[in-house]
Every structure is written in C-alpha cells, then in structure tokens.
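**Student:** What shape does this take:
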Amino acid sequence: QVQLSESGGGSVQAGGSLRLSCAASGYTYSAYMGWFRQAPGKEREAVAWLCPILTYYADSVKGRFTISQDNANNTLYLQMNTLKPEDTAIYYCAAGSRRLCGEFSYWGQGTQVTVSS
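**Tutor:** Numbers count the residues shown, from 1 in each chain. Okay, the predicted model is just below:
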C-alpha cells in the first residue's frame, strides 16, 4: 500500500523560505513524483514534478522552487524560496503508478503553506 506523508508546511512572511518533505512508503517508482497545490477557491495545479526524462516547474515558481529527492530515504523535497502571498495553498505530494511523466495516482494528505505580506 502506497503512503505519502507531507511535512514542513507553515506560516512565513513574503520573501521567506520553506522546505517541504514527502516521505513515501510502499512505492516502487520513485522517479515519478511531484508536488501540487490548491489555493482556496481554485483548482489543484502542478507545482513541480520529476520523471526520468525531465523536470517540470510551473512558470509561477520557476527560479524560486526546487524539487529534489533522496532515494536512499524515499523522500521527496520541495525547497521554496522567495515565497509570495500567492503561494499560499495546501501542498500535496503525488506519485505515479504507470511510469508516465506527469501522471499521478497516489496523493498525500497535504500540508498548509501560508505566506503573509
């Protein structure tokens, strides 16, 4: 059974940084993972994701966020720098089951990120 558990969310002022972590268990395809977010009243959107042939970043986070993973510890990270109020959202870790770039089947419970101006 795949389990994804996010941590590292919190409240920060604009310009600050946070690092989100996602601990994965029961998951085989660690090369197909990513981060999504959902702000109040908006649809969930992709923030950044990995697959063997590319790394994706949403235009709104390019140059500010960095996705990475520690395969030895089955952990995915999202380093978020120069945070803006519009980054406020629940952030979800996602993992794929069919080894297709950008396709995700498993989701964590989410961690809240709040950025104040």
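**Student:** Now do the SS call for the closest residue to residue 77 other than its chain neighbours.
**Tutor:** Taking CB to CB, 6 or more residues apart in numbering, and ignoring the residues beside it in sequence, residue 77 has residue 68 as its nearest neighbour in space, at 4.9 Å. The way it works is simple: take the backbone N, C-alpha and C, and place the C-beta from them, glycine included. Recorded secondary structure, residue 68: strand (DSSP: H, G, I helix; E, B strand; the rest coil).
**Student:** what's the spacing between residue 68 and residue 80?
**Tutor:** Noted for residue 68: a distance of 12 Å to residue 80, by CB to CB, to the nearest Å.
**Student:** So which of the two has more stuff around it?
**Tutor:** More neighbours sit around residue 80 than around the other of residue 68 and residue 80, counting by other CB atoms under 10 Å; the figures are 26 against 13.
**Student:** quick one, what contacts the more buried one?
**Tutor:** Under the criterion of CB atoms under 8 Å, 6 or more residues apart in numbering, the contact partners of residue 80 comprise 17-20, 61, 64-65, 87, 113.
**Student:** Run through the bridge partners of the most centrally placed residue in the chain.
**Tutor:** The central residue of the chain, meaning the one whose C-alpha is nearest the mean C-alpha position (CA atoms, centre = their mean), is residue 35 at 2.4 Å. Residue 35 has the following beta-bridge partners by DSSP bridges: residue 48, residue 93.
**Student:** got the contact list for residue 17?
**Tutor:** If you count contacts by CB under 8 Å, 6+ apart, residue 17 has them with 79-83.
**Student:** now, which of the contacts of residue 80 sits nearest residue 4?
**Tutor:** Comparing the contacts of residue 80 against residue 4 with CB to CB picks out residue 20 as the nearest, at 11.7 Å.
**Student:** isn't residue 35 right up against residue 69?
**Tutor:** No. Using CB atoms under 8 Å, residue 35 is not in contact with residue 69; the gap is 11.0 Å.
**Student:** Report the set of residues contacting both of the two.
**Tutor:** Listed contacts common to residue 35 and residue 69 are residue 76; contacts here mean CB under 8 Å, 6+ apart.
**Student:** quick one: low-confidence ranges for this structure?
**Tutor:** Low-confidence segments of the chain, defined by pLDDT under 70: none present.
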